[in-house]
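Engineer: Next one to model:
(one chain, ligands or ions: 1)
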Amino acid sequence: MTVLDVKDLSVDFATEAGTLQALRKVSLEVPANRIVGVVGESGCGKSTLINAVLGLLADNGAVTAGQILFEGKSDLVHLDGNGMRALRGQRIATVFQDPMGALNPVLSVGKQMRDIQYRSGLSRKAKDALSVEMLRKVRIPDPERRLAQFPHEFSGGMKQRIAIAMALLMRPSLLIADEPTTALDATLEVAIIELLKELQKQIGCSVLFISHHLGVIAELCDEMIVMYAGEVVERGSTRDIFHNPRHPYTKKLLDCDPARLSRREPRLPTIPGTLPDLRNRPKGCVFQARCELADDACSTMPPDAALSASHVARCWHTDETAGAAA
Ligand SMILES: Nc1ncnc2c1ncn2[C@@H]1O[C@H](COP(=O)(O)OP(=O)(O)OP(=O)(O)O)[C@@H](O)[C@H]1O
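Structural biologist: Below you'll find the predicted structure:
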């Protein structure tokens, strides 16, 4: 089963300087029980994609085309506010870089975890028991006692563990994790990645994991999506993408980061040139201005070339990129 199926999604923002096309024909799938990574430079549209899925686009933004199918049925694009609120935090959960976005500083952790279970019909005692069980899963020591404590009484790494416990409390089918380890030091980052892997298996949910850190994506994700200037330029298994990248942008990204599996970078490696102006998108391939393979063909939009059942690259030149590993 596919938990999240985004088909040909386009999102525009109205700005004073004209329409900004933030996403163009974005397609991706998050299958059940899989961890899918999304990687791309700042401004490539990662947040816009998440916000579109969560029904949280800014007022000047709109989905202009496409579908977002959740659990094979609801099209999230057309779901009303009430429908979306019923899914958010229950069937679709989120974890962000800053755990304090999820934690209320003036309420105890126990109270916040009970509030998340408001639809469960359980007694207070039963809710607390579930909260303790989940805090134990994320390895908060002495969870019964700590339920009464407030967020400021926990360290940064522990706050992120609590945010994860809260996100997974209702056993969502999809967890969207947006740079959840970026603010942590390297040791804590590894610990959280291990924890996410373990919990994903235990709970049996899918994860859409956004990160600029290629090493983390390689470590954690079964599949990955490479975004560039509002398009998915390549998607496939993490193994295929790392060992046999077929879009020139993905190749450059991996080339720029030879120690990608061990080195921890605060940003993605830099590729010469700049992102195109999204208010005035180039006709055809979005990467052509920075691509060594660009030719006349690239002035028309490339097809999503299927390289295998699960590996796709939006490029006219996938024949030439075959075989040469980055
Ligand atoms: N409300 C808005 N109004 C106008 N433009 C916007 C708005 N929100 C995002 N954009 C533009 O849409 C494009 C995609 O932005 P988005 O924030 O989704 O990128 P991102 O990949 O998440 O970047 P980062 O990693 O820096 O958060 C950018 O050009 C951005 O300037």
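Engineer: domains of the chain?
Structural biologist: As assigned by automatic domain parsing, the chain contains the domains 2-91+174-321, 100-169.
Engineer: Any idea how far apart the tips of the last one sit?
Structural biologist: Taking CA to CA, to the nearest Å, domain 100-169 runs 17 Å from one end to the other.
Engineer: got it, and the first one?
Structural biologist: By CA to CA, the extent of domain 2-91+174-321 from end to end equals 29 Å.
Engineer: before we move on, back to that, could the domains of the chain go into JSON lines alongside mean neighbour count, mean pLDDT and distance to the ligand?
Structural biologist: Where C-beta positions appear, they are placed from N, C-alpha and C, glycine not excepted. Output for those, formatted as JSON lines (neighbours: other CB atoms under 10 Å; pLDDT from 0 to 100; distance: least, CB to the nearest ligand atom, whole Å):
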{"stretch": "domain 2-91+174-321", "mean neighbour count": "18", "mean pLDDT": "91", "distance to the ligand": "3"}
{"stretch": "domain 100-169", "mean neighbour count": "17", "mean pLDDT": "95", "distance to the ligand": "14"}
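Engineer: Counting by contacts, list what the helix or strand containing residue 7 packs against.
Structural biologist: Element membership for residue 7, per DSSP states H and E: strand 2-15. If you count contacts as 3 or more CB pairs under 8 Å, 6 or more residues apart in numbering; DSSP states H and E, strand 2-15 packs onto strand 18-31, helix 46-54, strand 61-70, strand 206-210.
Engineer: what angle separates it from strand 18-31?
Structural biologist: For strand 2-15 against strand 18-31, the angle by axes from the mean of the first three to the mean of the last three CA atoms, to 10 degrees is 170 degrees.
Engineer: State the distance from residue 310 to residue 34.
Structural biologist: 11 Å (CB to CB, to the nearest Å).
Engineer: ok, for residue 248, nearest residue in space, not its chain neighbours?
Structural biologist: Excluding its sequence neighbours, the residue lying closest to residue 248 (CB to CB, 6 or more residues apart in numbering) is residue 291, at 4.7 Å.
Engineer: The one you found and residue 152, how far apart?
Structural biologist: Distance of residue 291 to residue 152, computed by CB to CB: 49 Å.
Engineer: Distance from the chain centre to stretch 116-132, please.
Structural biologist: Here stretch 116-132 is found 29 Å from its chain centre; the criterion is CA atoms, centre = their mean, to the nearest Å.
Engineer: same deal with stretch 185-193?
Structural biologist: Averaged C-alpha coordinates place stretch 185-193 at 18 Å from its chain's average position (CA atoms, centre = their mean).
Engineer: repeat for stretch 25-39
Structural biologist: For stretch 25-39, the separation from the chain centroid amounts to 8 Å (computed by CA atoms, centre = their mean).
Engineer: start the count at 48, not 1, going forward
Structural biologist: Noted, 48 is the first residue going forward, which turns the last one into stretch 72-86.
Engineer: Need the distance between the two termini of it.
Structural biologist: With CA to CA applied, stretch 72-86 spans 17 Å between its terminal residues.
Engineer: List the contacts of residue 362.
Structural biologist: Neighbour list for residue 362: 280-281, 293-295, 332, 334, 349, 352, 368 [criterion: CB atoms under 8 Å, 6 or more residues apart in numbering].
Engineer: Let me see the backbone angles for it.
Structural biologist: The phi/psi pair for residue 362 (degrees, to the nearest 10) reads phi -160, psi 140.
Engineer: Relative to residue 132, how far out is it?
Structural biologist: On the measure of CB to CB, residue 362 and residue 132 end up 39 Å apart.
Engineer: And for residue 293?
Structural biologist: Noted for residue 293: a distance of 40 Å to residue 132, by CB to CB.
Engineer: now residue 256
Structural biologist: 24 Å.
Engineer: Apart from its neighbours in sequence, what residue is nearest residue 289?
Structural biologist: residue 265 (5.9 Å).
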